[in-house]
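J.: Sharing a model prediction with you, sequence too.
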Amino acid sequence: MSLITDAPVFQAVYDLLKDVHVARRTFAKSEKYSLGQSLEQALLELLLHIIDAGRQRREWKVAAIDAALRELERAKVLIRLAWDLQQIHERRMSAWQASADRIGRMLGGWRKAA
């Protein structure tokens, strides 16, 4: 039995969460504890939904994956907001969006398979 922590989707979210955590230190003080914390919390919730989906029985996986997809959409909006409020540079925003898109494709494939 393989662990969910070995899954590529888990690793992709984990890596994005680590990068957001490090980048949050550079946010303006007014945004660090609101926008930065909200983004980090959304990614943490996404990670927890992925863990839940990995542990669910086949017939309940879709609901957990749908919850993960909703959390991913929330994170995408927060990434865009961080860019619009000039809290992240264009290179970082592009990397985060590409990572979020890749995660979305992985979750969509997982949902179809479930």
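T.: In hand now; what should we look at? Numbering: from 1, shown residues only.
J.: for the spatially most central residue of the chain, what are its contacts?
T.: Centroid-nearest residue in the chain: Leu43, 3.9 Å away (criterion: C-alpha atoms, centre = their mean). Under the criterion of C-beta atoms under 8 Å, 6 or more residues apart in numbering, the contact partners of Leu43 comprise 13, 16-17, 20, 75. All C-beta spots, glycine's among them, are computed from the backbone N, C-alpha and C.
J.: check which helix or strand covers it.
T.: When elements are assigned from DSSP states H and E, Leu43 belongs to helix 37-55.
J.: Now the element after that helix, going C-ward?
T.: Following helix 37-55 in sequence order, the next helix or strand is helix 58-84 (DSSP H and E).
J.: List the buried residues for that next one?
T.: Along helix 58-84, these residues count as buried under the neighbour rule (16 or more other C-beta atoms under 10 Å): 61, 64-65, 67-69, 71-72, 74-76, 78-79, 82-83.
J.: so how far is that helix from its chain's centroid?
T.: Chain-centre distance of helix 58-84: 7 Å, with C-alpha atoms, centre = their mean, to the nearest Å.
J.: Identify, from the buried residues of helix 58-84, the entry nearest to Ile50.
T.: Ala68 (5.5 Å; C-beta to C-beta).
J.: Relative to Gln86, how far out is that closest one?
T.: 29 Å (C-beta to C-beta, to the nearest Å).
J.: what do you get for Leu35?
T.: In this structure, Leu35 lies at 11 Å from Gln86, with C-beta to C-beta as the measure.
J.: Give me the more crowded residue out of the two.
T.: More neighbours surround Leu35 than the other of Leu35 and Gln86, with 19 against 9 (other C-beta atoms under 10 Å).
J.: show me what contacts the more buried one?
T.: Under the criterion of C-beta under 8 Å, 6+ apart, the neighbours of Leu35 are 27, 78, 81-82, 85, 87.
J.: so which of the residues you listed comes closest to Ala98?
T.: When these are compared for distance to Ala98, the smallest value, 15.1 Å, is given by Ala82; criterion: C-beta to C-beta.
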